[in-house]
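Novice: got a structure for you, letters missing:
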């Protein structure tokens, strides 16, 4: 073999090596499918964000006017945007209203107000210790005062 042929063969081999750099050879079946099974990419499941969060509330009497009614219970449903609904039952009267974060204490403080069909109302102030627990104080139109506990 002459030098010219050797150089040509060497150049062809070098060009093929450079052309195939970074390529992966995958053996194929006669029908064109890979000869070895290829694992499918894992499916990514993204859960939708919750649309709201409902928490129980309990109110414990702290004065004589509240002691006659006793403990009260209800719910607060957060829309997860700083606003929500507030509902309680007081002596057969359902009171409903809203709860709003006021931004104090790093956005953990808020107010809640509820009104009943018989004209009774409640005004509360609260502070959340976490996303699901908090405490505060509620004053009713009757003069009753309660300690408010939010969460389970």
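Specialist: In hand now; what should we look at? Small disclaimer: the values here were computed from a predicted structure and weren't measured. Numbering: from 1, shown residues only.
Novice: the host helix or strand of residue 149 pairs with which strands?
Specialist: Element membership for residue 149 (DSSP states H and E) is strand 145-150. Strand pairing for strand 145-150, determined by DSSP bridges: strand 53-61 (antiparallel), strand 134-140 (antiparallel).
Novice: quick one: buried residues of it?
Specialist: For strand 145-150, the neighbour count (16 or more other C-beta atoms under 10 Å) marks 145-146, 148-150 as buried. All C-beta atoms are positioned from the backbone trio N, CA, C, and that covers glycine.
Novice: in contact with the closest residue to residue 63 other than its chain neighbours, which residues?
Specialist: Spatial nearest neighbour of residue 63, excluding adjacent residues (C-beta to C-beta, 6 or more residues apart in numbering): residue 145 at 4.7 Å. Contact analysis of residue 145 by C-beta atoms under 8 Å, 6 or more residues apart in numbering lists 61-63, 65-66, 137-139.
Novice: check residue 36 too.
Specialist: So residue 36 contacts 26-27 (C-beta under 8 Å, 6+ apart).
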